[in-house]
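In: no FASTA, just this:
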C-alpha cells in the first residue's frame, strides 16, 4: 500500500511541476490562464465530490467570507506564479515559488502561537542566500530579477493560503476546500476577463482543460489520496521535487537550460527546505 501511495504522490508532484510549463505553452495573460485553470478544476472536483456524495455545506457566514478570501488569495498566487514564468523562465518561477515553507515558518507563530527557533532563522538565511544567487542583479529592468520578485510573491501568497487552510481543514474535507477555493477564484476573476485583451488559439481549447483537470484537480486528488498510505513528512519532502520535475520538463519540452547561478541557488533553496521540513516533522 505504501508503494501505491508513493506512486500517487509522485504523479501528483509531476503534474504540479508540469503546470509551470503552461506559462510558456499558453500565450494568454496570466489572469486568463488562471481563470481557465480554476474553472476546469472546479468542474472536475465538483463532479468528484458529487460522485462520492461529499456535501457542499458551509457551516457559517464567517466561513463563507473566509472561502471568498481564500479564492482571492489563490487567484493572486497563481497569477503572480504564471507572470513570473512568462517574464523569466520556468526554473526561476518554480524555484522562487518554492520559498513558501520559509514564509510559513515565520507566519505560524503569529497564527498558532508557536515559537520561532534558531534553526528556523538559519534556514531562512540559507534560502535568502539561495535567492541572492538566482538574482543576476538588483535592477528591476532585468527580466530574471522581476521573475524572482513575482515568484517570491507567489510563494508568500501560497504561504498565507497554507496557513488559512491549516486552520480550516479540521472543519471541512480537504477536497471540498480545494473545490471551493477554485470556484471562488473563478467567480472573482470572471469580471476581470473583460478588461484583458486576449484571443484563444485552437491549441488553448486543449491546453486549458489539461491544466485545470490534470495538473490541478487530478493532482490534488492524488496528493490527498497518497496521505492515506504515506506519512505527511514523506509527502512534504516529495513535494520539494516539484521544481526539479518542472525544470527537467522545461529542458526537454522548451529547451530551457538554467544557468549555473540558478542551479546553484535553486539547489540551496530546495536542499534547505527539504532539511527544514524533515527537522520540523521530526520535532
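Out: It's in. The shown structure was predicted, so the numbers you read here are calculated from the model rather than taken from an experiment.

In: what's the weakest-modelled helix or strand in this structure?
Out: In the chain, the helix or strand scored least confidently by mean pLDDT, DSSP states H and E is helix 232-239, which has a mean of 72.

In: Could I get the buried residue list for the helix or strand following it?
Out: Downstream of helix 232-239, the first helix or strand assigned by DSSP states H and E is helix 242-254. Residues of helix 242-254 classed as buried by neighbour count (16 or more other Cβ atoms under 10 Å): 242, 243, 244, 245, 246, 247, 249, 250. (Glycine included, C-beta is placed from N, CA and C.)

In: packing partners for the helix or strand that comes right after helix 242-254?
Out: The first helix or strand that comes after helix 242-254 along the chain, using DSSP H and E, is helix 260-282. Helix 260-282 sits against helix 90-97, helix 100-112, helix 118-134, helix 232-239, helix 242-254, with contacts defined as 3 or more Cβ pairs under 8 Å, 6 or more residues apart in numbering; DSSP states H and E.

In: Of all those helices, which one comes closest to residue 52?
Out: Checking these against residue 52 by Cβ to Cβ gives helix 232-239 as the closest, at 21.2 Å.

In: Not counting residues beside it along the chain, what's closest to residue 4?
Out: residue 229 (5.8 Å; Cβ to Cβ, 6 or more residues apart in numbering).

In: how much space between the one you found and residue 6?
Out: 8 Å (Cβ to Cβ, to the nearest Å).

In: anything in contact with each of these two?
Out: Common neighbours of residue 229 and residue 6 are not found (criterion: Cβ atoms under 8 Å, 6 or more residues apart in numbering).

In: related to what we said a few turns ago, out of the helices and strands packed on helix 260-282, which gets the lowest mean score?
Out: Confidence, taken as mean pLDDT, is least for helix 232-239 of these (a mean of 72).

In: For residue 96, see how far away the spatially most central residue of the chain is.
Out: With distances taken as Cα atoms, centre = their mean, residue 158 lies nearest the centre of the chain, 6.5 Å away. Note on residue 158: its distance to residue 96, by Cβ to Cβ, is 11 Å.

In: same deal with residue 38?
Out: Residue 38 sits 22 Å away from residue 96, going by Cβ to Cβ.

In: Between those two, which is the more surrounded one?
Out: The neighbour comparison of residue 38 against residue 96 (other Cβ atoms under 10 Å) goes to residue 96, with 31 against 27.

In: Now the more buried one. Nearest residue, chain neighbours left out?
Out: Per Cβ to Cβ, 6+ apart, closest to residue 96 is residue 151, 2.9 Å.

In: now do residue 142
Out: residue 136 (5.9 Å).

In: what sits against residue 77?
Out: Neighbouring residues of residue 77 by Cβ under 8 Å, 6+ apart: 154, 157, 158, 161.
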